[in-house]
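Peer 1: pasting the sequence and the predicted coordinates here, then a few questions.
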Amino acid sequence: MSKRIKLPPSFPALVQAYFGEYLTQQRALSPQTIAAYRDGFVLFLKFAEERLGKAPAAMALADVTPELIMAFLDHLERQRHNSARSRNARLAALRSFLKFAGHRDVASLQVIERALGVPVKRYERPMFGYLTRDEMLAVIGEPGDSWLSQRDYALFLLMYNTGARVSEVIGVKAGDVVLDASAACVHLHGKGRKQRSVPLWHTTVKTLRAWLRANPELTAAAPLLPNRDGKAMTRSNVAKRLLLAVRTATVQYPRLSQQRVSPHTIRHTTAMHLLQAGVDISVIALWLGHESPVTTHHYVEANLAMKERALARLNEPDAKIQRYRAPDSLIDFLRTL
């Protein structure tokens, strides 16, 4: 009895497996990242349908040619006025799918390799922004008497201490902070659902202890720094509160009015100040939860002791710091953040 020949998966089946299994289960990407990939793919399929005269369900991998991809990217720039950065992000999503498809449909490897040859577009990257130490401390400010003031003080102090992404800091639960004097740290849940622990300053520990004492209703599963309704803050919540803090700090530091200060600016600021303190770049990459430039698909978790030694070299907010001029290599590193 002859064996049945296993047919390669169809294009629709590959797309479904890519989004339904690979991105969600194997790579464990965040819903926001998956949504961005999905939106880019929808744009591509609509463009391909119009150009090829084929419904997406009738497409095959052989239809995804370099010519079609280049035409789609040109369409994004000319008709949709996408920036080079957005164009490259759409291309990255397509390349990710094609690499996945190559593992599922070996017979189409030649077609896939040709499509993967479409290059990214070079563009002038804007200079990143970061704050001086004095500007950062002015933005953090002092805790006032109101609940909002105390929460915002704890929020910005925690962001500066950890260099956390905004998605990470709003995801911190009350049970994620360890406030023991001997091993004070916060457990952050980063990209790809990867976790890391970052040590805390004594100042941060003291602030969070006071915050938790003043808000005993915060259970271990509750957001550490909630909104007025007790729910987790949103990205826009954090951005708006930061904008208000920057406006207040501008009175003391007028230069801030000329800068675009976002939550990610605080992350850059933490990185720069660690570098200024002489902390090794590789340790900072681990601290911030970055994929290694060498092993780009792996997080390498540093042990807490290494991070504590690094933190000890970065002065707390009430300490003085000497003037420092950063070498060019630091700029190059920060551009990868």
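Peer 2: Thanks, I have it. Everything numeric in this text was worked out from a predicted model, so none of it was measured. Residues are numbered from 1 along each chain as shown.
Peer 1: show me the strands in the stretch 151-300 of the chain, by range?
Peer 2: Under the criterion DSSP state E, counting those that start in this stretch, strands of the stretch 151-300 of the chain are mapped to 177-178, 185-189, 195-199.
Peer 1: tell me which residues in stretch 32-46 are buried?
Peer 2: 36-37, 40-41, 43-45 (16 or more other C-beta atoms under 10 Å). From N, CA and C alone the C-beta is placed, and that goes for glycine too.
Peer 1: list the contacts for residue 160?
Peer 2: By C-beta atoms under 8 Å, 6 or more residues apart in numbering, the residues touching residue 160 are 136, 140, 266, 269-270, 317.
Peer 1: stretch 102-120: end-to-end distance?
Peer 2: Stretch 102-120 has its terminal residues 20 Å apart, counting by C-alpha to C-alpha, to the nearest Å.
Peer 1: that stretch - what's its average pLDDT?
Peer 2: Taken as a whole, stretch 102-120 carries a mean pLDDT of 90.
Peer 1: and for stretch 175-194?
Peer 2: The model assigns stretch 175-194 a mean pLDDT of 87.
Peer 1: buried set for it?
Peer 2: 176-178, 184-186, 188-191.
Peer 1: for residue 108, the count of nearby residues, please.
Peer 2: 21 (other C-beta atoms under 10 Å).
Peer 1: so it, which state does it fall into?
Peer 2: helix (DSSP: H, G, I helix; E, B strand; the rest coil).
Peer 1: ok, it touching residue 61?
Peer 2: Yes - using C-beta atoms under 8 Å, residue 108 makes contact with residue 61 at a distance of 4.6 Å.
Peer 1: re earlier: mind putting the strands of the stretch 151-300 of the chain into a markdown table with distance to residue 240?
Peer 2: Below are these laid out as a markdown table (distance: least, C-beta to C-beta, whole Å):
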| stretch | distance to residue 240 |
| --- | --- |
| strand 177-178 | 24 |
| strand 185-189 | 22 |
| strand 195-199 | 25 |
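Peer 1: closest one to residue 239 among those?
Peer 2: strand 185-189 (19.1 Å; C-beta to C-beta).
Peer 1: would you mind writing the CA trace of the closest one as CSV?
Peer 2: These are the backbone C-alpha positions of strand 185-189, laid out as CSV (Å, rounded to 0.1, in the frame of the first residue of the first chain):
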residue,chain,number,x,y,z
CYS,A,185,13.9,44.6,43.9
VAL,A,186,11.0,44.8,41.5
HIS,A,187,10.0,42.0,39.1
LEU,A,188,9.3,43.4,35.6
HIS,A,189,7.4,41.6,32.9
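Peer 1: thinking again about what came up before, which residues are common contacts for residue 108 and residue 61?
Peer 2: The contact lists of residue 108 and residue 61 share residue 101, where a contact means C-beta under 8 Å, 6+ apart.
Peer 1: the strands of the stretch 151-300 of the chain: which one's closest to residue 19?
Peer 2: strand 185-189 (22.1 Å).
Peer 1: sheet partners, orientation included, of the closest one?
Peer 2: Sheet pairing for strand 185-189, assigned by DSSP bridges, gives strand 177-178 (antiparallel), strand 195-199 (antiparallel).
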